[in-house]
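Peer 1: Sequence and predicted structure are below.
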Amino acid sequence: MRIIYEPRGRALEYAPLAVSLYRGCSHGCTYCFVPESTRTEPEKFREPYPRKNALSLLAKDCEELVRAGDTREILMSFTTDPYQPLDIDCRLTRSAIQIMIDYARPFTVLTKGGARSMRDFDLLASRPDLCRYATTLTCSNFATETKWEPNAATYRERIDALVKAHNLGIKTWVSIEPVIDPEQSLALISMTHQLRCVDLYRIGILNHSILPYPEVSLFEFVKKVKYLMESTGQEHVFKKDLQPYLRGSQ
């Protein structure tokens, strides 16, 4: 394959296939692991650009998957954001969505773009059997957002996008990863759960950094989340890195 690839390591827990239309991301999330893993200077990484021939390569890969009978889901994106500000002008993401729909490829859009992503909900809603919409939620107050995700959409905007998507019949999931502050993550889970706008929660730890809180907080966090999910029948996944805390909270 040319632009679609098979993720490795922790990313494989999210999707068997992935595609990135851009190199770099201007959201500036301070916990982002991509600059280090791609050996890119953080400043340079925050100056994104479209990948050359991204759409034609995507179409060729989708055709190849069809011929192979491969119906694995494609996630957009792990190493960038499909709805960062650059996409306002480039609009690669809308075209990529249309290509995957045309080839009947199952896919998920994962973004912190908030309102920027809503303009393509018409496409996602046209094929709810193929498309899923997901967002990452980490911070539930302005000060924490500004520190950790300075240029991404606010958590309220992201939740608004989730509600709209869900109301349109689009399947949704939320990535509660990284858990920067267990209390804030729990608040975000409770908030979205009450709104009934999330079909699946995926919950993971803060990696590539020292935990900014006592480790014991994670045991209590996992215990509370587990109780909420199981008592309400909410579909959820604790990623592998949280499994020790899950066992320890029982």
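Peer 2: Structure's in. What do you need?
Peer 1: Now do the helices in the chain.
Peer 2: For the chain, the helices defined by DSSP state H occupy 34-37, 42-45, 54-68, 86-90, 92-102, 115-118, 121-126, 142-148, 155-167, 182-195, 216-232, 243-248.
Peer 1: closest one to residue 77 among those?
Peer 2: helix 92-102 (9.0 Å; C-beta to C-beta). No exception for glycine: its C-beta is placed from N, CA and C like everyone else's.
Peer 1: And that closest one, how far out from the chain middle?
Peer 2: How far helix 92-102 lies from its chain's middle: 18 Å, per C-alpha atoms, centre = their mean, to the nearest Å.
Peer 1: circling back: possible to save the helices of the chain as TSV with mean neighbour count?
Peer 2: Shown next, in TSV, are the helices of the chain (neighbours: other C-beta atoms under 10 Å):
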stretch	mean neighbour count
helix 34-37	14
helix 42-45	13
helix 54-68	17
helix 86-90	16
helix 92-102	19
helix 115-118	20
helix 121-126	17
helix 142-148	14
helix 155-167	20
helix 182-195	17
helix 216-232	16
helix 243-248	14
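Peer 1: JSON lines for the ones you listed, including distance to residue 3 and mean pLDDT?
Peer 2: Formatted as JSON lines, the entries for these read as follows, by distance: least, C-beta to C-beta, whole Å; pLDDT from 0 to 100:
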{"stretch": "helix 34-37", "distance to residue 3": "17", "mean pLDDT": "90"}
{"stretch": "helix 42-45", "distance to residue 3": "19", "mean pLDDT": "94"}
{"stretch": "helix 54-68", "distance to residue 3": "4", "mean pLDDT": "98"}
{"stretch": "helix 86-90", "distance to residue 3": "15", "mean pLDDT": "97"}
{"stretch": "helix 92-102", "distance to residue 3": "10", "mean pLDDT": "98"}
{"stretch": "helix 115-118", "distance to residue 3": "21", "mean pLDDT": "98"}
{"stretch": "helix 121-126", "distance to residue 3": "19", "mean pLDDT": "98"}
{"stretch": "helix 142-148", "distance to residue 3": "29", "mean pLDDT": "94"}
{"stretch": "helix 155-167", "distance to residue 3": "25", "mean pLDDT": "98"}
{"stretch": "helix 182-195", "distance to residue 3": "32", "mean pLDDT": "96"}
{"stretch": "helix 216-232", "distance to residue 3": "35", "mean pLDDT": "94"}
{"stretch": "helix 243-248", "distance to residue 3": "32", "mean pLDDT": "81"}
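Peer 1: Perfect, that will be all.
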